[in-house]
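Colleague: what follows is a predicted structure for the sequence shown.
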Amino acid sequence: MVGQLQGNLDLQKGKQDELLQNYRKAVLSGFADVEKCARRHPPDGVAREAASATWVTSSQRAFDISEQRLREGTVDLVTVLQTQQTLYQAQDVLAQARLRARAGDREPLSGRSVAAGCEAGGSLQCTVNCRSRSGPRPAAAVATS
């Protein structure tokens, strides 16, 4: 009787692992599809920021779920770390999109580009913008990279 119960428990754990692997595969496939689509159809600044915000929201939800499942013992720490890394990437992309949108809003008013301000040794925002452009970088940005 005990052996039969242990066998059933092992069978159910195996089924659970199989379902978890199928779930992981579906999530990774979904991310790959989104990346392919985003490369084919690059959005404008406002749409990019909105899409990035949506990605942050869904990544935060996935991270919260993975943390909960870690506490329940159904996923391992590596899975949680991967979802956390995805969340951080999404937050970084959102911050970059917001910086680009803000810099783009100011450029016509100032009469000079953000890169020109960086050449003159601009602010931290200027340093961040220079890192995302192919133009010259200020000495502060070179020293911290």
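Modeller: The structure has been received and is ready for your questions. Everything quoted here is computed from the prediction, not taken from an experiment.

Colleague: just list what the host helix or strand of residue 91 packs against, helices and strands only.
Modeller: According to DSSP states H and E, residue 91 maps onto helix 77-110. Under the contact definition 3 or more CB pairs under 8 Å, 6 or more residues apart in numbering; DSSP states H and E, helix 77-110 sits against helix 45-72, helix 114-119, helix 124-132. To be clear about C-beta, it is placed using only N, CA and C from the backbone, and glycine gets the same treatment.

Colleague: which parts of the chain belong to which domain?
Modeller: 1-42, 43-106, 112-145 (automatic domain parsing).

Colleague: okay, those domains in TSV with mean pLDDT and mean neighbour count next?
Modeller: As requested, the domains of the chain are arranged in TSV below (pLDDT from 0 to 100; neighbours: other CB atoms under 10 Å):
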stretch	mean pLDDT	mean neighbour count
domain 1-42	82	10
domain 43-106	87	15
domain 112-145	43	15
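
Colleague: just checking, what's the longest helix in this structure?
Modeller: Criterion DSSP state H: the longest helix present in the chain is helix 2-40.

Colleague: now it against helix 45-72, angle please.
Modeller: With axes from the mean of the first three to the mean of the last three CA atoms, to 10 degrees defining the directions, helix 2-40 sits at 170 degrees from helix 45-72.

Colleague: helix 2-40 to helix 77-110, inter-axis angle?
Modeller: Relative orientation of helix 2-40 versus helix 77-110 (the same axes, to 10 degrees): 20 degrees.
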